[in-house]
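A.B. asks: Whatever this is, show me its structure:
(2 chains)
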Amino acid sequence: MRTLRAMFLRLVGLLGRGRDDFNAELDSHLEMHIDDGLRAGLSKEEARRQALIRLGGAEQARQSYRERRSLPGLERLLRDLRFALRTLGRHPAMTAIAILSIGLGIGANATIFSMVSRFVLRPAPVGDPATLLSLHIGEKDQQCCNSFNPPIYRDLRDQATSFASMAAYYEMIPASLSGGGKEPERAWGQSVTTNFFDMLELGMVMGRGFASSEDRAPVVVLSERLWRRRFHGNVQIVGRVVQLSGHAFTVIGVAPGSFHSVDQILEIDFWVPLGVSAELVANLPPQDARDWHWLAVVGRLRAGVTREQASAELNTLAQRFAAAYPATDKDNSFLFEQAGSLPPRMRSAVLLFLALLGLVVVLLLAIAGMNVANLLFAQVAGRQRELAMHLALGASRARLRGKLLLESVLLGVGGGLLGTALSVWATGALSSFHLPAPMPLNVRIGDDWRTLLYTFALSVIAGVALGLGPALAASQTVAYSRINDS
Amino acid sequence: MGEKNEVWQGTLALMVLRTLETMGPQHGYGLARRIEQTSGDKLQLNYGTVYPALLKLEQEGYIRSHWGASENNRKAKFYELTAAGKRRVRKAAEEWEQTTEIVARFFVSAEEA
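C.D. replies: Sure, this is the predicted structure:
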């Protein structure tokens, strides 16, 4: 507490008040000491000399008082920062070119990274995304992965103890939606088991999710996007009837806009119970066939169960099913990954694509950095006189390196700011690009905190990397004799 | 240790607080002289170190300062204890007693052994 208070007052001391106060106090101290000396019979000069000796030097006293009054380390850093900014300001053309090249390099990196962040790193907006797994059927000698069907889903749901609950859904149902006093529109939805929203732990914006008794009920949950777009955010939407492909459905809830779909790529606008799929899908696969694959399955890991344990149990179950249904399940195995990560079918392709892009933009940044480093080398060569002057006035070579490095870090951070601006523009442009796909896809890429952190780290690293060479070279080659050069 | 002992950090702060408690408001020079006197002139302070110590105590809120006139009518900055400073002195005195008592036991038993 006391330390905090002192810390705060020292921070305030950075602002530089109270310096004259101490000079006055020091003067008064010396006067009193000299008075005492005179009274003891010393001459005025001797009294003064004694007083100064006992003080340990007026300038030293001022120095240690100054250091206590504020935070010397921070003060020095601020001074160096001001100096670095002034130096950069003296060469506006060079500074602008450096910031522009680093900015372009970092902007490209940030844009690619925000894609990585969007498609690879970001978890689905559901309760505890780490325990929510998407399950797949793997078949021997086949490319990964296959979907489920009701019998296998039911067997797995009833027998797998590693999972607290499982839900299944039919991924894509196109429907003609009317209601809300507008022209009918094409909307894409999913039919889900009634525990779907409860298992995702997804709170509703309004109304509720499905009750377990509603598997065959004509009820629908709308997305917040559809609700706002088509129904103008009408708060009395719950209980209203909308038409889906000519069938009447009662709205019971509105799902939050941050939730697009479990896989985060499909843009889903409505959810109906799985039991009514047949009303909306003309050629629904047979309900009880084990060899059709049309259902997606997600499961919530039971608390305390590891993924390895779940995987081991699923393997055992796969063998058991293979023995029980040799005709259909013989070569099946079960796979899973965290829900909302890339679908396994396209995963490797997307990762490879992003990795290649990433490599290209890192190379781009390296080239930009090299150019700027060359500029800095040239500039340092022209600053020998100035640097020699610093050394002559008592700056250590380490301090000199620090100053030069600070300048290049400033360039890097400046480039980072420009790069962030560029990347915001680029991701905006990318997001507004409509993929030529028959169904609506959510490929919006936003700048999230991961991207900002990555960009900041990258700009500091770039600043240090491109300044290191010139700083080392400068501090080693400077000779005192250079002061005499003109 | 030599005839004139060095004063180490932390101890000086306690001496300052204790001296302020017995003397009442005092300026830096007077404090330094008084501390030397109290030590029976066994301590010789570098007066320049007294002021950073005073500043630290003031930043920590144990003392406060104001400008006034000295006994010889010189302008001087006077320091006095705050309520927190008084508590600090009392606590430090207790701790000091305990510490010396404990350390003393060791030396007594060492001589007896």
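
A.B. asks: okay, now the domains of chain A?
C.D. replies: A:2-69, A:78-122+A:346-484, A:129-339 (automatic domain parsing).

A.B. asks: Quick one: closest of those to residue B:79.
C.D. replies: domain A:2-69 (10.4 Å; C-beta to C-beta). Heads up, the C-betas are built off the backbone N, CA and C, glycines and all.

A.B. asks: and that closest one, is it in reach of chain B?
C.D. replies: Yes: counting by C-beta under 8 Å from any C-beta of the partner chain, contacts between domain A:2-69 and chain B involve A:2-3, A:5-6, A:9-10, A:21-22, A:24-26, A:28-29, A:31-33, A:35, A:54-58, A:60-61, A:64-65, A:67-69.

A.B. asks: Put together a markdown table for the domains of chain A, with mean pLDDT, mean neighbour count and distance to residue B:18 on each row.
C.D. replies: Putting the domains of chain A into a markdown table (pLDDT from 0 to 100; neighbours: other C-beta atoms under 10 Å in any protein chain shown; distance: least, C-beta to C-beta, whole Å) gives the following:
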| stretch | mean pLDDT | mean neighbour count | distance to residue B:18 |
| --- | --- | --- | --- |
| domain A:2-69 | 83 | 15 | 18 |
| domain A:78-122+A:346-484 | 82 | 17 | 38 |
| domain A:129-339 | 88 | 18 | 59 |
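
A.B. asks: mind putting those in TSV, distance to residue B:86 included?
C.D. replies: Compiled in TSV, the domains of chain A are given as follows (distance: least, C-beta to C-beta, whole Å):
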stretch	distance to residue B:86
domain A:2-69	14
domain A:78-122+A:346-484	37
domain A:129-339	55
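
A.B. asks: which one of those domains lies closest to residue B:77?
C.D. replies: Short answer: domain A:2-69, nearest of these by C-beta to C-beta, at 4.7 Å.

A.B. asks: Kindly check the end-to-end length of that closest one for me.
C.D. replies: This stretch, domain A:2-69, spans 15 Å end to end (C-alpha to C-alpha, to the nearest Å).

A.B. asks: Stretch A:272-282 too?
C.D. replies: 15 Å.

A.B. asks: Give me the distance between that stretch and the centre of its chain.
C.D. replies: 39 Å (C-alpha atoms, centre = their mean, to the nearest Å).

A.B. asks: and for it, what are the contacting residues?
C.D. replies: Stretch A:272-282 is contacted from outside by A:168-170, A:173, A:175, A:189-194, A:210, A:214-221, A:244-245, A:247, A:249, A:284, using C-beta atoms under 8 Å, 6 or more residues apart in numbering or on different chains.

A.B. asks: starting at the chain centroid, how far to stretch B:66-73?
C.D. replies: On the basis of C-alpha atoms, centre = their mean, stretch B:66-73 sits 21 Å off its chain's mean C-alpha point.

A.B. asks: Mind checking which of the residues of domain A:2-69 next to chain B land in strands?
C.D. replies: Among these, no member is found in strands (DSSP state E).

A.B. asks: Can you name the residues of chain B that neighbour chain A?
C.D. replies: B:27-30, B:45-49, B:51-52, B:55-56, B:59-62, B:70, B:72, B:74-77, B:84.

A.B. asks: again, only this time at 6 Å
C.D. replies: By C-beta under 6 Å from any C-beta of the partner chain, the residues of chain B that approach chain A are B:28-29, B:46-48, B:51-52, B:55-56, B:59-61, B:72, B:74-77.

A.B. asks: Now, of those, which are buried?
C.D. replies: With burial judged by 16 or more other C-beta atoms under 10 Å in any protein chain shown, the buried subset of the residues of chain B next to chain A is B:28-29, B:46-48, B:51-52, B:55-56, B:59-61, B:74, B:76-77.

A.B. asks: Of those residues, which is the nearest to residue A:462?
C.D. replies: So of these, ranked by how close each gets to residue A:462 (C-beta to C-beta), first place is residue B:59, at 39.7 Å.

A.B. asks: Thought residue A:6 was touching that closest one, still the case?
C.D. replies: Yes: counting by C-beta atoms under 6 Å, residue B:59 does reach residue A:6; the two are 3.9 Å apart.

A.B. asks: that older thread, so which of the contacts of stretch A:272-282 sit within helices?
C.D. replies: In helices, defined here by DSSP state H, there are no members of the contacts of stretch A:272-282.
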